[in-house]
Each structure stands twice: as C-alpha cells, then as structure tokens.
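Engineer: Pasting a predicted model and its sequence here:
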Amino acid sequence: MTEVTVKNGLLTSINLHVEDSGGTGRPVVLIHGWPLSGESWSEQTGPLAEAGYRVVTYDRRGFGSSDKPKGLGTSGYDYDTLAEDLHGVLTELDLNDVTLVGFSMGGGEVARYATKYDNERVHSVVFAGAVPPFMAKSDDNPDGPLDAETAEIFEAGVKNSRETFFDQFATQFFSANGVLVVTEDQRQQALALEAQADHRAELGCLNAFGTTDFRDDLKNISVPTLVIHGDSDGVVPFEGSGQRTHAAIAGSELVVVEGGPHGFNVSHAGEFNESLIAFLAK
C-alpha cells in the first residue's frame, strides 16, 4: 500500500490511498463505487493478480483512507476533478497500457478520462454496473433511470438519517428482485466501508453521479470496451445505463449477468471475474 499525492490545479494537492499488487503484468486499475472504497474490490484483486495482472485500487478523495478535504463543503467532487485524481494515480505510479475498470459511479471517471486525457495511457476500459451515459431523467434524457423524486429521497436520506438510509441502501445494493443475494456479513462489510466516508464527500458524489451527462464523453472512447451489468440491478438499472452505454460505444462488448444485483462483483464474483479476465486477455 502507498499514498499517492495528486495535484488539482497549481495550488492544491491531495493524498490518495492506493493498494498496488506490484509486478510486471499489465496494469488493471479498479475504480470503486459510492459510498465505498477500494476495499470493495476484494473479490477481484486476488484472482486478477493470480492471472498475472498488476492490480491497483485506490480510495476516491473523501472515502476510505484517502484525504477528506476540509473547507470545500460538498463541492470539489465533480467529475473533472475526479478524473484528474485518476490521472494523478496513473502518472505517479507511471502506469501505461492500463485497463480502467469503473464500477457504478467509477464508470464516470472512466468516461470523463477519455475526454480530458484522450485515452492517454489506456489500453481498454470496463463499465461495470456503471452510471453512464446519464442518470438524471429529464425531457432531454427520458431514458435516464433516476427521476427527480428519487434523487431528492436519496439526498434527504443521506442528510437527515444517514445510518438508517445506508442500512437500507446496502440491502438494495445487494438485492435482486427484492431478495438479498449476499450474506449478512458481506452486507455489513459494505456498511463498514461506507462508515469511513466523509459526509460531505457522500453528498458531493451523490450529486455528481446523479446529474453529470456523459453522453459526449462516451463518444471519445476509442479503445476496446466491455460493458458488464447485472440484469436485476435496482440501483443503476441496466436498461437506462449499461444497455445505452453499449449502444453508444461502437464495437463494445456486452455481458449481462443473470440475477445480478448492483453489487454483482460480490454476489456473482465468479462470473464477474471470469468475464473480466476473458476480456483482459484479448
């Protein structure tokens, strides 16, 4: 493990907590979802390393063991800034020919990175249960899976009853058709990761992934792409997200995991890992 210092602009810097398996294999950078940390990839790191890859995870700013900036309120968590953090990780570790794997809101960093950095250092990308192309439902985006009422409920829950909200959210995160498909221990592990997050970061990132339009960003992805999604995802429904991302990126591959909830990298880890490793080998 290590701490990587990344800079945003000329005067600000932040320390991000990084776990790096090391080795000479081609790098795979795993970008976690909300409101978790790099530890949420625990079902993937071992199998990927055993398959010969250099596996890197990092905690997004405000989450896990990374710095939690003071004085920004809920700002400072826009996707331009988050993509700059990702670029900082790649450059500080001197990673090249990288596969970026973005889960849930982490797919936003993958998409925005293509625009800001023209796929620099990138070999391929993976959108896993990811939020692109655009979550917010509107007249301009009628297929967006997040309506204004639900967004307001999420925000109010995080603001006013954080413990109760995240307890319910963790169940939804790992449920398919209303049925919890992981163990209670696995659900509690996710809650423990959430507890490490800064409250301002949770609200800032909630706004970012709920309102950021990635439709133009997807046009800039010119590397091999895998879209993998659970067909029973009740948090980021496949029809409004993964299906549309696959359609937007010419030549992208699509894997739909039957019975997979949002947290399908845990509940269906074997199938998830098999599909990911098969894609990486191409």
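Structural biologist: The structure has been received and is ready for your questions. Residues are numbered from 1 along each chain as shown.

Engineer: CA atoms for contacts and neighbours, from now on please.
Structural biologist: OK.

Engineer: How are the helices of the stretch 51-200 of the chain distributed by residue range?
Structural biologist: Counting by DSSP state H, counting those that start in this stretch, residue ranges of the helices within the stretch 51-200 of the chain are 79-92, 106-117, 148-160, 162-173, 184-195, 199-211.

Engineer: so which of those comes closest to Pro69?
Structural biologist: helix 199-211 (8.7 Å; Cα to Cα).

Engineer: coming back round to it: just send the helices of the stretch 51-200 of the chain back as TSV, with mean neighbour count too.
Structural biologist: Shown next, in TSV, are the helices of the stretch 51-200 of the chain (neighbours: other Cα atoms under 10 Å):
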stretch	mean neighbour count
helix 79-92	20
helix 106-117	24
helix 148-160	14
helix 162-173	17
helix 184-195	16
helix 199-211	21
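
Engineer: Enumerate every residue touching the residue nearest in space to the middle of the chain.
Structural biologist: For the chain, the residue whose C-alpha lies nearest the mean C-alpha position (Cα atoms, centre = their mean) is Gly106; its distance is 2.1 Å. Taking Cα atoms under 8 Å, 6 or more residues apart in numbering, we find Gly106 in contact with Ile31, His32, Gly33, Ala130, Val131.

Engineer: Show the buried residues in the residues you listed.
Structural biologist: If you count burial by 16 or more other Cα atoms under 10 Å, the buried members of those come out as Ile31, His32, Gly33, Ala130, Val131.

Engineer: quick check: longest strand of the chain.
Structural biologist: When the chain is scanned for its longest strand (criterion: DSSP state E), the result is strand 12-20.

Engineer: Check the offset of the worst-scoring helix or strand of the chain on mean pLDDT from the chain's centre.
Structural biologist: Confidence across the helices and strands of the chain bottoms out at strand 2-8, with a mean of 84, counting by mean pLDDT, DSSP states H and E. Averaged C-alpha coordinates place strand 2-8 at 19 Å from its chain's average position (Cα atoms, centre = their mean, to the nearest Å).

Engineer: Need the residues that contact it.
Structural biologist: With Cα under 8 Å, 6+ apart as the contact definition, strand 2-8 has outside contacts at 13-20, 81, 84-85, 88-89, 92.

Engineer: what angle separates that strand from helix 79-92?
Structural biologist: Relative orientation of strand 2-8 versus helix 79-92 (axes from the mean of the first three to the mean of the last three Cα atoms, to 10 degrees): 130 degrees.

Engineer: Walk me through which strands strand 2-8 pairs with, and which way each runs.
Structural biologist: In its sheet, strand 2-8 lies beside strand 12-20 (antiparallel), with partners assigned from DSSP bridges.

Engineer: Next SSE downstream of the partner strand?
Structural biologist: In the C-terminal direction, the helix or strand that comes right after strand 12-20 (DSSP states H and E) is strand 27-31.

Engineer: Quickly note the distance from Asn273 to Asp85.
Structural biologist: With distances defined as Cα to Cα, to the nearest Å, the gap from Asn273 to Asp85 amounts to 26 Å.
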